[in-house]
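**Q** dropping a prediction and its sequence here:
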Amino acid sequence: MHPAQLLIVDDEKDLLQGLKRMLAREFPELDIHTRNDPAAALALVREKPVDLVLLDIQMPEIHGLELLKQMNSIDKNLTVIMMTGYGSIEVAVQAMKSGAYDFITKPFDKTILFRAVGKGIEHNHLLRENIKLRERICEKEPFANFVGQSAPMQRLYHGIRTTARTDYTVLILGESGTGKELTARAIHSLSKRRDKPLLMVNCPAIPEHLLESELFGHHKGAFTGAHQD
């Protein structure tokens, strides 16, 4: 099992080093990284999975809450604890609304700091374990409505899994009742877009002259009833 990854982001280099030494003594199992530059912090989050971030709110180049949003756009499952020397209820609430897990104030109370870091690491571990469990369940459930374990069906299942990992446009062909919709749903549920909606369009039920606009959109006034783009 790989050691948990902790990233500390603050523009004060002395504080970074002191915090790193303190946490390394209390949590020797952690792999601790420090960054005093927001761009370097974002680069690390892109480069490797980070379990917990201690992020300063007040930094000269970019506000900590904006950096938090950028980090969450890279890894939505990131656990972030905000740090500030200007503690207030308003700032804490704003940080939580922006996606922070917790909020601590400077100067640090060691007991509060250690408790926050310990809970943050545990929270992230449980979160990622839950994601892995859901992914394993998703790998089984997409084929729940399929019938058969023959060699041709196994090839179909393999093809669905392989296709789901790509960004290719997929055309599924087959006679009526052969499972084209089941296959489409299985590909969607196994893909990285499974959290996004899957839109099903019944083409035969749409008049031919409206099908193109239904699929690709239209401009206002293109036909009767087209009141907006």
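**A** Noted; the coordinates are in hand.
**Q** need the three-state assignment for the residue at minimal distance from the centre of the chain.
**A** Per C-alpha atoms, centre = their mean, the C-alpha nearest to the average position across the chain is that of residue 76, at 3.2 Å. Using DSSP: H, G, I helix; E, B strand; the rest coil, the structure places residue 76 in coil.
**Q** for it, what are its contacts?
**A** By C-beta atoms under 8 Å, 6 or more residues apart in numbering, no residues touch residue 76. The C-beta positions use only the backbone N, C-alpha and C, and glycine is treated the same way.
**Q** tell me how far it lies from residue 172.
**A** Shown here: residue 76 relative to residue 172, a distance of 30 Å by C-beta to C-beta, to the nearest Å.
**Q** still on that earlier bit, next, the residue nearest to the centre of the chain: phi, psi?
**A** phi -70, psi -10 (degrees, to the nearest 10).
**Q** go on, the one 4 residues further on?
**A** In terms of degrees, to the nearest 10, the main-chain angles of residue 80 are phi -130, psi 130.
**Q** which residue, other than its chain neighbours, is closest to it?
**A** Nearest residue to residue 80, sequence neighbours excluded (C-beta to C-beta, 6 or more residues apart in numbering): residue 53, at 4.5 Å.
**Q** for the protein, which segments count as strands?
**A** Along the chain, counting by DSSP state E, strands occupy 5-9, 31-35, 52-56, 79-84, 102-105.
**Q** out of these, the one nearest residue 25 is which?
**A** strand 31-35 (10.8 Å; C-beta to C-beta).
**Q** buried sites along the closest one?
**A** Using 16 or more other C-beta atoms under 10 Å as the test for burial, strand 31-35 gives 32-35.
**Q** quick one: that strand to strand 5-9, angle?
**A** Put simply, strand 31-35 runs at 20 degrees to strand 5-9, going by axes from the mean of the first three to the mean of the last three C-alpha atoms, to 10 degrees.
**Q** please parse the protein into its domains.
**A** 5-136, 145-200 (automatic domain parsing).
**Q** so of these, which one's packed in deepest?
**A** Most buried of the domains of the chain by mean neighbour count (mean count of other C-beta atoms under 10 Å) is domain 5-136; its value is a mean of 16.
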